[in-house]
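> please find the sequence and the predicted model below.
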Amino acid sequence: MAKDVVSDRNLALESVRVTESAALAAYNFMGGGDEKAVDQAAVSAMHRTLNRLALDGTVRIGEGAEGEAEKLYVGETLGTGDGPKVDIALVALEGTTIVARGGPNALAVIAMAEDGGFLTVPNIYMDKIAVGPGLPDGIVDLDNEPADNLAALADAKGTKVTDLVVCMLDRPRHAELIAKIRETGARIRLIQDGDVSGVIAATQPEAGVDIFLGIGGAPQGVLAAAALRGVGGQMQGRLVFRNNDQRTEAQRLGIEDLERKYATEDMASGNVTFAATGVTYSDMLEGVRHVPGGAITHSMVLRSTTGTLRFIEGHHDFIRGTAKT
């Protein structure tokens, strides 16, 4: 077996170790109402586990810029330095408020790619549209009206617009978009947080979502694109600027065309590994479950080289401090 294939598979399993550690740490504060404690626990656990891995990693999408974030900041080098050189995109906890309130749909997420594999974006908004695999290229487009996108999608799926389910964040900024979608008769699933999981849901038939629409975080957009590289599907994203400072920051990061519409591979290219562990229950992943002396986690890992999606159930023994496999 080729060395790079073995290394890629090892990296996939190591990525799951990282998201498992963050999910387990965050779950300890589930429902406690302390968002800061939840976030710090996930960040510290992910940081600690990444530094134990045999890799030479650099954070490209992280918890913030150096000086803004103490750990997992953009540009931070992680790992022992002995393994493969990789770029890292992460959200230690997608859904901090969700976990603090004890709600569903929270994830710990990481992606790794070859050097230069991730689009470097500031921590601003991104307008997104995403659908699952098996559809004609360009079936939907950010520049089209929602009614046109939904009509084309329904036609390609051989169904009616009124049978489609649109997933989007429940935000005041989406009031006009929601009104346009409701005019078509399509159904809407509004989520409180978690647009990475929202995009992935559009690729999984069991999740009951046909398309993801709307404005969410730009870093989460890059992570969602990384997931789509493994599971398939189409996505477009365009940065949304609220002021000139954000435009200046984007230009500082090397983004020249501020109006550019990014496709999936523009945001996550090359050999990409993506992993996510459920912190609280979602349509795709069960949340952490405590059992006597340990816990059970449910994770997914995707590899762009093979298109393989694996679901992994981890049984963690807290007494011995090891995980049963």
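Arrived safely, thanks for sending.
> least confident secondary structure element in this structure?
Within the chain, confidence by mean pLDDT, DSSP states H and E is lowest for strand 322-324 among all helices and strands, at a mean of 45.
> nearest residue to residue 210 other than its sequence neighbours?
Spatial nearest neighbour of residue 210, chain neighbours left out: residue 164 (4.5 Å); criterion: Cβ to Cβ, 6 or more residues apart in numbering. Placement of C-beta: from N, CA and C, glycine included.
> find the centremost residue of this protein, please.
With distances taken as Cα atoms, centre = their mean, residue 196 lies nearest the centre of the chain, 3.6 Å away.
> need the three-state assignment for that one.
Using DSSP: H, G, I helix; E, B strand; the rest coil, the structure places residue 196 in helix.
> which residues touch it?
91, 94, 107, 109, 220, 223-224, 227, 276 (Cβ atoms under 8 Å, 6 or more residues apart in numbering).
> quick one, helices of the stretch 1-150 of the chain?
Assigned by DSSP state H, counting those that start in this stretch, the stretch 1-150 of the chain shows helices spanning 3-27, 35-50, 96-101, 146-157.
> now the residue nearest to the centre of the chain: how far from residue 254?
Distance, residue 196 to residue 254, using Cβ to Cβ, to the nearest Å: 23 Å.
> what does residue 12 give?
Using Cβ to Cβ, residue 12 is found at 29 Å from residue 254.
> between these two, who's got more neighbours?
A direct count of neighbours by other Cβ atoms under 10 Å for residue 12 and residue 254 places residue 12 higher, at 22 against 8.
> touching, the more buried one and residue 272? I think so.
No: taking Cβ atoms under 8 Å as the definition, residue 12 is not a contact partner of residue 272, at 10.5 Å.
> find residues that contact each of these two.
Counting by Cβ under 8 Å, 6+ apart, the residues touching both residue 12 and residue 272 are residue 303.
> close enough to count as contact, residue 216 and residue 169?
Yes: assessed by Cβ under 8 Å, residue 216 is found in contact with residue 169 at 5.6 Å.
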